[in-house]
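Visitor: Need a 3D model of the sequence below.
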Amino acid sequence: MSSDQTVASRRIADEFAARIEAGEFAPGDKLPSERALVASYGVARNTVQAAMRLLAEAGMVVAEHGRGVFVRDPVPLIRLGSDRYSPKYRESGLSPFLIECQRAGKEGRFEVLSIDRARPPKEIAERLHVEEDAESVLRRENVFWADDDPVYRVTTFIPWTIAEGTGLLQEVVPHQYGIHGVLEDQGYAMARLDDSAVARMPTLAEKSALRMPPGVPVIDLLHVSIRADGVPYEATRFVMRADLSSLTYNAPVE
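Guide: Numbers count the residues shown, from 1 in each chain. Below is the predicted model of the structure:
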């Protein structure tokens, strides 16, 4: 692409970004067709395509094959904060993720990718105090969906000595309160949590599983559940689409 075409694509992208921000195009609205934009701006087709890519990389639009380019819905899922695992939410009968979806006006669901006995990554082995070079953990991999968007790729690790012989090996965990309900029945109740989060670009596998738009990073959050006696017994890695996720914390200052 020539320098003139680059300038033109940037100008078109900036103009549509301003129109979207001004509310001229609402979430879900379809932008003018490629053919219409070529005619309107008097530019080449690849210049228009480059402009749409710039908007997609900014997280403002999404291109749907055979349908066109649409304004993205900016409403993120607000992840429950420091009280995410509080028993107070159990009265609703919903998991924390489903509560998050409900508050955002979205319908949540889970897709189980795999359940197996596995060797843990080094960081997980260190956090759970299990062997790195042995199949020392149960690994459950899931994708969490909000409406039609895959928003989290979630991988849970539990020491095999805890998980063996429990409902944790079943696709549908046979407990009203899910994984943590099963663990509590085994004597592992969460008294403290250790969460750490970083922002990074997604791997190829994550881009595929989460249908990532170009240029969008992920929030990589590692959660570790810790019993009252200091024993860590569960670790879950949440890989979250940054364009559809928000982290909110409300805690006392000591």
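Visitor: neighbours of M240, just the number please.
Guide: Look at M240: counted by other Cβ atoms under 10 Å, it has 25 neighbours. Heads up, the C-betas are built off the backbone N, CA and C, glycines and all.
Visitor: Could you pull up the residues touching the closest residue to it other than its chain neighbours?
Guide: Using Cβ to Cβ, 6 or more residues apart in numbering and skipping residues adjacent in sequence, the residue nearest M240 is I219, 4.4 Å away. Contacts for I219 (Cβ atoms under 8 Å, 6 or more residues apart in numbering) come out as 197-199, 238-240, 242, 245, 247.
Visitor: before we move on, what about V154?
Guide: The contact partners of V154, by Cβ under 8 Å, 6+ apart, come to 141-144, 236-239.
Visitor: Among the residues you listed, which one sits closest to F16?
Guide: When the contacts of V154 are ranked by distance to F16 (Cβ to Cβ), V239 comes first, at 29.9 Å.
Visitor: which residues does that closest one form a beta bridge with?
Guide: Counting by DSSP bridges, V239 forms beta bridges with R153, D220.
Visitor: can you offset everything so residue one is 7?
Guide: Sure thing, new numbering starts at 7, so read that last one as V245.
Visitor: Quick check on the nearest residue to L175 once chain neighbours are set aside: phi, psi?
Guide: Nearest non-adjacent residue to L175, counting by Cβ to Cβ, 6+ apart: I121, 6.1 Å away. Backbone torsions of I121, given as degrees, to the nearest 10, read phi -140, psi 120.
Visitor: tell me, how many neighbours does G74 end up with?
Guide: Neighbour count of G74, defined by other Cβ under 10 Å: 15.
Visitor: residue contacts, the residue nearest to it when sequence neighbours are not counted?
Guide: Of all residues not flanking G74 in the chain, K36 sits nearest, at 5.0 Å (Cβ to Cβ, 6+ apart). Each residue near K36 by Cβ under 8 Å, 6+ apart is listed here: 73-76.
Visitor: Would you mind giving the domain segments of this protein?
Guide: The chain breaks down into these domains under automatic domain parsing: 9-77, 83-253.
Visitor: Distance to V259 and mean pLDDT for the ones you listed - can I get that in a markdown table?
Guide: Output for those, formatted as a markdown table (distance: least, Cβ to Cβ, whole Å; pLDDT from 0 to 100):
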| stretch | distance to V259 | mean pLDDT |
| --- | --- | --- |
| domain 9-77 | 33 | 90 |
| domain 83-253 | 12 | 92 |
